[in-house]
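A.B. asks: need a structure here:
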Amino acid sequence: METGPPEGRKGPAPRELPPAVGLLLSMALMNVVLYLCLDRLVTVPRGPAEHPGRCPPGHFSMEQVTTCSPWLSCEQLRTEVRPLKRVGEGAVKTVFLSEWKERKVALSRLTRPEVRDDFLHGLQMLRALQSEHVVTLLGYCEDDNTILTEYHPLGALGNLEATLSLAKYRSLNTWQHRLQLALGYVAVLDFLHRSPLGTLVMCDSSDLPKTLSQYLLTANFSIVLNDLDALPLVNHSSGALVKCGHRELRGDFVAPEQLWPFGEDVPFQDDLMPAYDEKTDIWKIPDVSSFLLGHVEGSDMVRFHLFDIHKACKSQVPAERPTAQAVLDAYQKVLNLLRDTVTSQTREML
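C.D. replies: As a prediction, the model looks like this:
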């Protein structure tokens, strides 16, 4: 008589997986996950996207607001905007942190009547050049000599190092983000040199601090041009060139053609000073970019790859310097090259 197995008897117990094998399987699975996510982990930030469906002329939209509103009128500026405190003062404008409909905004007022022409020129440029490269105009009143723009709490570009030293922004203190800022700076120059109004020269750039003060750092770490008071127009077709002010410029930061060419023995005379074109902006790119790149890990590698284009920017002959578009293309190629290199090296490690 056939008998079954005793009650409660089980089949053969499964073999336990050796700990070493389990560890290897876990590491393999982790590598697969890392590999699939790699592009997201090491890709260089692309910067802000183009403003989708920018508002029509005479209208604005603020951050996180999709609807467009007409520029504020004199009456609205007088009754709806409340100045809070002064946050900046220059030769042309005094800027006040202000409030409008529970939003922080920047209210600019003319400093003195003698520079009203410069103030109105800046307003004209601001109205005509609204784009992702220029601070957003919210309204203005010529009768009161006031301009209202979007407020960027991180302030001028010269505050970059102080901003990146804060715990909140320390993770952005990398060569990737810094190179993206340099690319954004060159993109602004390219926009000015090919603007809807023609070729504009960034004249408020006699030294590095002055140049950095013309730009604002936005909350998403992009760059916008804020001061448009000194943007003279070059017309190559008619031979119309420009001069940045009526005083003698000195130092290594300005382009050679901006220096008095007749030596120390001849007193400076504005009417004898030769004019120049937008290539003065190109000369200054390497110095501004060097500041933006800083001295973080990887920044020297970026400088090495930018050496050739920066050498071309420093040509003593203005016509031999590249265009802002050519510099922008070179920066983008370096950005792509280094991104691909980092991606490749990281995958090899996996």
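A.B. asks: pretty sure Ser108 is in a helix, no?
C.D. replies: No - assignment of Ser108 by DSSP: H, G, I helix; E, B strand; the rest coil gives strand, placing it outside any helix.
A.B. asks: contacting residues for it?
C.D. replies: For Ser108, the contact set (CB atoms under 8 Å, 6 or more residues apart in numbering) comprises Lys93, Thr94, Val95, Phe96, Thr146, Ile147, Leu148, Thr149. Backbone N, C-alpha and C define where each C-beta goes, glycine included.
A.B. asks: same deal with Ser165?
C.D. replies: Here Ser165 is in contact with Asn173 (CB under 8 Å, 6+ apart).
A.B. asks: ok, Pro196 - how many residues close by?
C.D. replies: 10 (other CB atoms under 10 Å).
A.B. asks: try Asp340
C.D. replies: Neighbours of Asp340 (other CB under 10 Å): 13.
A.B. asks: Now, of the contacts of Ser108, which are buried?
C.D. replies: Buried members of these, scored by 16 or more other CB atoms under 10 Å, are Lys93, Val95, Phe96, Thr146, Ile147, Leu148, Thr149.
A.B. asks: can I get these in TSV with secondary structure, pLDDT and distance to Asp204?
C.D. replies: Shown next, in TSV, are these (DSSP: H, G, I helix; E, B strand; the rest coil; pLDDT from 0 to 100; distance: CB to CB, whole Å):
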residue	secondary structure	pLDDT	distance to Asp204
Lys93	strand	94	12
Val95	strand	96	15
Phe96	strand	97	21
Thr146	strand	98	21
Ile147	strand	98	16
Leu148	strand	98	21
Thr149	strand	98	17
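A.B. asks: ok, those residues vs Ser205, which is closest?
C.D. replies: Proximity of the buried ones among the contacts of Ser108 to Ser205 (CB to CB) peaks at Lys93, which lies at 17.3 Å.
A.B. asks: so how far is Gln130 from the closest one?
C.D. replies: 18 Å (CB to CB, to the nearest Å).
A.B. asks: swap in Lys279?
C.D. replies: Counting by CB to CB, the gap from Lys279 to Gln130 is 26 Å.
A.B. asks: So for the closest residue to Leu110 other than its chain neighbours, what's the pLDDT?
C.D. replies: The shortest distance from Leu110 to any residue other than its chain neighbours is 3.7 Å, reached at Asn145 (CB to CB, 6 or more residues apart in numbering). Note on Asn145: pLDDT of 97.
A.B. asks: Same check on Glu63?
C.D. replies: Per-residue pLDDT puts Glu63 at 75.
A.B. asks: what about it, neighbour count?
C.D. replies: Neighbour tally, Glu63, other CB under 10 Å: 12.
A.B. asks: now the helices for the stretch 251-350 of the chain?
C.D. replies: For the stretch 251-350 of the chain, applying DSSP state H, counting those that start in this stretch gives helices covering 279-293, 299-313, 324-349.
A.B. asks: Most tightly packed of the ones you listed?
C.D. replies: helix 279-293 (a mean of 21; mean count of other CB atoms under 10 Å).
A.B. asks: by contact count, what packs against that one?
C.D. replies: Helix 279-293 is packed against helix 175-193, helix 208-212, helix 299-313, helix 324-349, with contacts defined by 3 or more CB pairs under 8 Å, 6 or more residues apart in numbering; DSSP states H and E.
A.B. asks: who's in contact with Asn173?
C.D. replies: So Asn173 contacts Leu164, Ser165, Gly294, Val296 (CB under 8 Å, 6+ apart).
A.B. asks: repeat that with 7 Å
C.D. replies: By CB atoms under 7 Å, 6 or more residues apart in numbering, the contact set of Asn173 is Leu164, Val296.
A.B. asks: How about Ser315?
C.D. replies: Per CB under 7 Å, 6+ apart, neighbours of Ser315: Arg321.
A.B. asks: Point out where this protein drops to low pLDDT.
C.D. replies: Across the chain, the ranges flagged by pLDDT under 70 are 1-53, 342-350.
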